[in-house]
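Asks: got a structure for you, letters missing:
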DNA sequence: TATTGTTATACTCTATAACTATA
DNA sequence: TATAGTTATAGAGTATAACAATA
């Protein structure tokens, strides 16, 4: 392709890198992240803060440490994320009755309301991004990713 | 699970977020990025700089603009990446004979040597990360990701 | 002694705007 | 008028170390 010495415009897609799982994953994730953040911005959320909110709205009462472990974040990052959500009135810190060192993070009524709207927008953006795949393929992709993401 | 009001240790895996394609992709990519960077560090490379080097070693003569477009990076980021690779003697900037504004980026002999070692380490790290999948499943994952990553 | 949340710091990554030289 | 490369800068995101309160 470029054996003639000319600069290709988009022939790069034929390079070995394009067969690289890591590269494909990075590229797909970049698109996913951008679409997710764009969809969540009107709600004052990012993919990151949405993830924290999602973990507090359906009956779980995670400590900040639980959030850090599950989201693979440093505890200091969770502090900043919970600060942001608390300032907007979406979550509250409550003392953990089982451990006086720990804070349990719970969604407020307002937080649950914002989440229920935001999750619809996020799912729509996700479907849009994966419109090249049919529902069965989407489930197949999720199953494969789950096995890679949760090897532990 | 937490309907009794106690804080779960890892029950978060049952939350709706874990079924979220974007979340799974972000998590899988984070693992992939960490493994890739660790594997490439001994060569003085990161996943990012490795990608640039890979695009210059097999006969292509991309301009910096080509690199930015294909890697979905801002041109200013490509400047910094090429600077780093050039300082290590892995690539050179050459004037583009077809456009005096543009630089063509070409790998040096040393750059090609480092790449051929680094790509082995990167592929090994990738296989290790995806050890939960058999070869057919890995190809299936790559095919699905390719269709999401290259919708264009 | 070890752990939870916190603060502080630094380093990478990302996004943006402006400038120059060419087209 | 638009494009390639560059510079500068500011904002995210990430990683690390240290500290007070508690286990």
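Replies: Happy to help now that I have it. These numbers were taken from a predicted model, which means no experiment stands behind them.
Asks: quick one, what contacts the residue sitting nearest the centre point of chain A?
Replies: By C-alpha atoms, centre = their mean, chain A has its centre lying nearest to residue A:47, at 4.6 Å. Taking C-beta atoms under 8 Å, 6 or more residues apart in numbering or on different chains, we find residue A:47 in contact with A:33, A:36-37, A:40, B:22, B:26. (Each C-beta comes from the backbone N, C-alpha and C, glycine too.)
Asks: Report the contact partners of residue A:79.
Replies: residue A:64.
Asks: Distance of residue A:17 relative to residue A:65?
Replies: Noted for residue A:17: a distance of 38 Å to residue A:65, by C-beta to C-beta, to the nearest Å.
Asks: of these two, who's got more company?
Replies: Set residue A:17 next to residue A:65 and count neighbours by other C-beta atoms under 10 Å in any protein chain shown: residue A:17 wins out with 23 against 17.
Asks: hmm, the helix or strand where residue A:56 lies touching DNA strand D?
Replies: Element membership for residue A:56, per DSSP states H and E: helix A:47-57. Yes: Helix A:47-57 is in contact with DNA strand D by C-beta under 7 Å from any atom of the strand, via A:47-48.
Asks: average model confidence for that helix?
Replies: In this model, helix A:47-57 has an average pLDDT of 94.
Asks: Beyond it, next helix or strand please.
Replies: Counting by DSSP H and E, the element after helix A:47-57 in chain order, helix or strand, is helix A:64-71.
Asks: which residues sit against that following helix?
Replies: Applying C-beta under 8 Å, 6+ apart, the contact partners of helix A:64-71 are A:51-52, A:55, A:62, A:73-75, A:77-79, A:81-82, A:102-103, A:105, B:7-10, B:12-13.
Asks: now these: which count as buried?
Replies: A:51-52, A:55, A:62, A:73, A:78, A:81-82, A:102-103, A:105, B:7-8, B:12 (16 or more other C-beta atoms under 10 Å in any protein chain shown).
Asks: Inside helices: which ones of the residues you listed?
Replies: Among these, the ones falling in helices (DSSP state H) are A:51-52, A:55, A:78, A:81-82.
Asks: Intersect those residues with the contacts of chain B.
Replies: Counting by C-beta under 8 Å from any C-beta of the partner chain, A:51, A:55 from these sit close to chain B.
Asks: residues contacting the residue nearest to residue A:138 when sequence neighbours are not counted?
Replies: Nearest residue to residue A:138, sequence neighbours excluded (C-beta to C-beta, 6 or more residues apart in numbering or on different chains): residue A:130, at 5.4 Å. Shown in contact with residue A:130 (C-beta under 8 Å, 6+ apart): A:138, A:141, B:21, B:148.
Asks: Now list the buried members of those residues.
Replies: Neighbour counting over the contacts of residue A:130 (16+ other C-beta under 10 Å) leaves A:138, A:141, B:21, B:148 as the buried ones.
Asks: Can you tell me which of these is nearest DNA strand D?
Replies: Closest approach between the buried ones among the contacts of residue A:130 and DNA strand D, by C-beta to the nearest atom of the strand: residue B:21, at 17.7 Å.
Asks: how about JSON lines for the contacts of residue A:130, with pLDDT, distance to DNA strand C and secondary structure added?
Replies: Shown next, in JSON lines, are these (pLDDT from 0 to 100; distance: C-beta to the nearest atom of the strand, whole Å; DSSP: H, G, I helix; E, B strand; the rest coil):
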{"residue": "A:138", "pLDDT": "95", "distance to DNA strand C": "24", "secondary structure": "helix"}
{"residue": "A:141", "pLDDT": "96", "distance to DNA strand C": "22", "secondary structure": "helix"}
{"residue": "B:21", "pLDDT": "91", "distance to DNA strand C": "19", "secondary structure": "helix"}
{"residue": "B:148", "pLDDT": "92", "distance to DNA strand C": "17", "secondary structure": "helix"}
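Asks: Export these to a markdown table and append columns for distance to residue A:90.
Replies: Putting the contacts of residue A:130 into a markdown table (distance: C-beta to C-beta, whole Å) gives the following:
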| residue | distance to residue A:90 |
| --- | --- |
| A:138 | 29 |
| A:141 | 30 |
| B:21 | 24 |
| B:148 | 30 |
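Asks: Just give me the longest strand of chain A.
Replies: Longest strand of chain A, by residue count under DSSP state E: strand A:99-107.
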